[in-house]
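Student: The sequence and its predicted three-dimensional model are supplied below.
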Amino acid sequence: MPKRGKRYRALLEQFDLSRPYPVDEAVRIAKSLATAKFDESIDLVVLLGVDPRKQDQNIRGSVVLPHGTGKTVRVLVFTRGDEAEEAKEAGADYVGFKEYIEKIQQGWLDFDAVVATPDAMPEVAKLGRILGPRGLMPSPKTGTVTKNVGQVVRELKRGRVEFRVDRYGNVHIPVGRASFPEEHLVENILAVFRTLQDLRPEGFKGTYMKRAFISPTMGPSVELDLNDIFRRMKAAA
């Protein structure tokens with residue numbers, strides 16, 4: 001375990017590391033741990049019981065956070081059809097086709113999300129080695145390969161987040177900023193869990209959601225009480 005500084009060790013003393021907390025209390029603690037000189041991101045990590053090596057358990061999707069992430073999202077849309085004007089009207093930052101493919105091949109990466117129409121994908125696919133490792137490659141599974149570019153661009157601007165389980169079974173998702181009201185962070189967190197529940201593989205045996213933690217960018221993780229999360233979701237259903 002890496003050696004922690006005095007500030008970090010002091011933060012660890014503010015809560016009990018050995019127990020999970022109800023979501024309201026966990027959010028309150030996580031906000032109090034965000035003592036850096038900038039508005040820290042609050043991040044959620046959920047450990048799933050899936051085997052990502054199995055195709056049907058390689059969880060991937062997107063969630064529209066009710067209150068966004070607190071981050072300005074720069075959206076690039078690859079299209080060469082009528083959807084170009086639709087994308088611009090929806091607020092896309094960059095709209096085009098071959099000119100942006102060439103820019104990316106030359107090292108340009110000043111964007112946070114990518115959308116493509118199906119007819120553009122044969123050319124966009126050539127960027128797989130650049131966009132793929134950065135989690136930016138458009139995909140039908142996340143809805144970013146679509147003819148409904150206007151809707152997807154608006155969702156991305158509003159706070160849609162894409163995610164994919166890593167090889168250890170973890171899903172990492174930003175759920176807001178430390179400056180957010182507690183209730184906004186709670187609602188964003190519950191939206192993620194509802195989406196993950198919807199993505200549970202059919203016929204999956206065993207514990208699907210094993211543990212979950214939230215943390216500020218520069219602070220320690222607080223474990224969430226999953227039973228509390230499930231109760232909250234059931235009550236809202």
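Tutor: Cool, the structure landed. Numbers count the residues shown, from 1 in each chain.
Student: Please count neighbours and contacts with C-alpha atoms only from this point.
Tutor: Will do.
Student: can you pull the contacts of residue 219?
Tutor: Under the criterion of CA atoms under 8 Å, 6 or more residues apart in numbering, the contact list for residue 219 reads 8, 11, 30, 33-34.
Student: In three-state terms, label the residue nearest to residue 43 when sequence neighbours are not counted for me.
Tutor: Closest residue in space to residue 43, ignoring its immediate chain neighbours: residue 174 at 4.2 Å, by CA to CA, 6 or more residues apart in numbering. Using DSSP: H, G, I helix; E, B strand; the rest coil, the structure places residue 174 in strand.
Student: By mean pLDDT, which helix or strand of this structure comes out lowest?
Tutor: helix 6-12 (a mean of 81; mean pLDDT, DSSP states H and E).
Student: what about that helix, distance to the chain center?
Tutor: 27 Å (CA atoms, centre = their mean, to the nearest Å).
Student: Residues in contact with it: which ones?
Tutor: Outside of helix 6-12, the residues within contact range by CA under 8 Å, 6+ apart are 33, 219-220.
Student: Recalculate using a threshold of 10 Å.
Tutor: Contact partners of helix 6-12, identified using CA atoms under 10 Å, 6 or more residues apart in numbering, comprise 3-4, 29-30, 32-36, 218-222.
Student: Now do the longest helix anywhere in the chain, average pLDDT.
Tutor: The residue-count maximum for a helix in the chain (DSSP state H) belongs to helix 182-198. Averaged over helix 182-198, pLDDT sits at 96.
Student: Now find how far off-centre it is within its chain.
Tutor: Distance, stretch centre to chain centre, for helix 182-198: 11 Å (CA atoms, centre = their mean).
Student: So which bits of it are buried?
Tutor: Of the residues in helix 182-198, those buried by neighbour count under the rule 16 or more other CA atoms under 10 Å are 182, 184-194, 196.
Student: next helix or strand past it?
Tutor: Once the chain leaves helix 182-198, the next helix or strand it forms, by DSSP states H and E, is strand 209-216.
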